[in-house]
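Colleague: I'd like to go over a predicted model; first the sequence, then the structure.
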Amino acid sequence: MVDAVSPTIDLIAPGIDDDVCADPDAFLAGLRRPTIFHVRGRDRARARVVAGTLHGNEPSGLRAIHRVLVDRLEPAVDVWFFLGAVEAARAAPGFAHRMLPGRRDLNRCFRPPFDDLDGAIARDALAQLRAVQPELIVDLHNNTGHNPAYAVGPSTDGAYLGLTALFARTFVHSGMSLGTFSEAFADLAPSVAIECGRAGDPGADATAHAGLVRLLRLEDPEALVVTDPMAILVDPVRVMLRPGVTLAFAARPVPGVALTLVPDVDRHNFQTLAPGTALGWLEGPWPLVAMDEHGRERAHELFLDDGGTLRTRTTFVPMMATTDVAAATQDCLFYAASRQQ
């Protein structure tokens with residue numbers, strides 16, 4: 001049964017006799033718009049929230065949620081699944097568009113002002129999902145570069161690391177405020193974004209599904225403990241292009257392009273880069289902006305122009321570096337972080 005819980009979002013509460021389409025692409029095609037699924041658990045007094053596909057080019061969250069719906073997995077507590085950018089996800093050729101042309105990045109809309117369609121979707125989703133007082137919140141993502149699975153959250157206390165350990169062995173401690181889904185619940189309960197791996201990689205889909213099953217079967221959040229070593233990165237800096245700057249990925253400088261990055265720059269993800277590491281080539285004015293969680297600009301602290309070669313000035317660990325021009329332009333080139341000692 002489909003109910004419209006707001007002008008922007010549908011609510012579906014599958015019953016015991018309801019069949020969910022077995023094909024994930026047909027399942028996506030059957031969604032009219034952003035949709036919340038409410039699945040009843042053994043303990044009806046508690047709730048958890050899981051989001052997927054807040055970006056239309058990130059399929060692992062939707063596929064994991066779809067699979068547990070098809071399998072009729074009974075969770076330990078009530079679970080509310082939110083599938084966000086479904087229109088972008090199904091736009092041809094499928095899972096190819098972060099957001100539709102003319103629309104905002106939905107995962108930057110979960111804070112005021114809610115003054116356009118994507119803001120209204122975020123506002124209505126928060127009204128529904130915060131009202132259930134969730135005890136755990138997970139947002140499942142993919143990225144466009146080579147990365148291990150990892151989590152991003154605002155605290156390194158036991159609950160956050162334990163929640164991460166259901167999915168990954170790497171945690172990024174970030175106090176950045178970008179208007180994301182996971183940030184919007186941080187005042188209520190442990191809330192993390194899980195980067196499951198590269199979009200389209202079956203391993204990323206498997207990571208999302210296996211971790212989700214562990215989350216749904218978890219009886220007591222107090223049992224969230226870390227038993228194996230976990231890598232922790234801190235103080236991420238968001239490295240972006242200045243507005244209007246042109247970008248290419250190539251093995252040599254591309255004439256007329258302001259910033260050319262080496263074509264396999266994403267091989268450096270989660271590696272410690274030494275000062276002097278060459279990342280690409282510059283032409284014209286300085287092209288980079290690098291903002292930390294306090295709003296400080298740090299591009300010249302991290303990088304230098306060595307006669308037209310872009311090099312690292314200091315030691316840092318890049319994360320989420322991509323070789324996709326659209327992704328790098330719409331979001332960021334990568335994040336630069338430090339390893340926790």
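Modeller: That came through, no problem.

Colleague: pLDDT score for the one residue sitting closest to the centre of the chain?
Modeller: Central residue check for the chain by CA atoms, centre = their mean: the C-alpha nearest the mean position is that of residue 141, 3.9 Å away. Looking at residue 141, its pLDDT stands at 98.

Colleague: so it, which of the three states?
Modeller: strand (DSSP: H, G, I helix; E, B strand; the rest coil).

Colleague: would you confirm that it contacts residue 198?
Modeller: No - Residue 141 is beyond contact range of residue 198, at 11.0 Å (criterion: CB atoms under 8 Å). The way it works is simple: take the backbone N, C-alpha and C, and place the C-beta from them, glycine included.

Colleague: now do stretch 171-178: distance to the chain's middle.
Modeller: Mean-position distance between stretch 171-178 and its chain equals 12 Å (CA atoms, centre = their mean, to the nearest Å).

Colleague: contacts for that stretch, please.
Modeller: Residues from elsewhere that reach stretch 171-178 (CB atoms under 8 Å, 6 or more residues apart in numbering): 107-108, 111, 150-156, 160-161, 164, 183, 230-236, 238, 293, 319, 335, 337, 340.

Colleague: likewise stretch 22-32?
Modeller: 2, 10, 20-21, 59, 62-63, 66-67, 70, 83, 86, 89-90, 94.

Colleague: one more: stretch 41-49?
Modeller: With CB under 8 Å, 6+ apart, stretch 41-49 has contacts from 74-82, 129, 132-138, 185, 215-216.

Colleague: which among those residues end up buried?
Modeller: Buried residues within those, counting neighbours by 16 or more other CB atoms under 10 Å: 75-82, 129, 132, 134-138, 185, 215-216.

Colleague: nearest spatial neighbour of residue 53, chain-adjacent residues omitted?
Modeller: residue 62 (4.2 Å; CB to CB, 6 or more residues apart in numbering).

Colleague: what helix or strand is the one you found on?
Modeller: helix 60-70 (DSSP states H and E).

Colleague: cool, and residue 239?
Modeller: With DSSP H and E as the test, residue 239 turns up in strand 231-241.

Colleague: outside of that strand, which residues touch it?
Modeller: Under CB under 8 Å, 6+ apart, the answer for strand 231-241 is 156, 169-174, 176, 247, 259, 270, 287-293, 298-299, 302, 316-317, 319, 328-329, 332-340.

Colleague: mind listing which of those are in helices?
Modeller: 299, 302, 328, 329 (DSSP state H).

Colleague: farthest pair within those residues?
Modeller: 302 and 329 (19.5 Å; CB to CB).

Colleague: show me what contacts residue 58?
Modeller: 52, 95, 140, 141, 142, 143, 199.

Colleague: repeat the analysis, applying 7 Å as the threshold.
Modeller: Residues near residue 58 by CB atoms under 7 Å, 6 or more residues apart in numbering: 141, 142, 199.

Colleague: same question for residue 281.
Modeller: Listed by CB under 7 Å, 6+ apart, the contact partners of residue 281 are 253, 260, 308, 309, 310.

Colleague: can you give the contact residues for whatever helix or strand residue 311 lives in?
Modeller: Per DSSP H and E, residue 311 falls inside strand 309-312. With CB under 7 Å, 6+ apart as the test, strand 309-312 has contacts from 273, 275, 276, 277, 278, 279, 280, 281, 282, 302, 303, 304.

Colleague: do that again at 8 Å, thanks
Modeller: 259, 261, 273-282, 302-304.

Colleague: what about the residue nearest to residue 229 when sequence neighbours are not counted, neighbour count?
Modeller: Leaving aside its sequence neighbours, residue 229 sits nearest to residue 169 (CB to CB, 6+ apart; 7.5 Å). Residue 169 has 15 neighbours, counted by other CB atoms under 10 Å.

Colleague: mind checking how far the spatially most distant residue from the centre of the chain is from residue 259?
Modeller: The outermost residue of the chain relative to its centre, with distances by CA atoms, centre = their mean, is residue 307 at 35.8 Å. Using CB to CB, to the nearest Å, residue 307 is found at 15 Å from residue 259.
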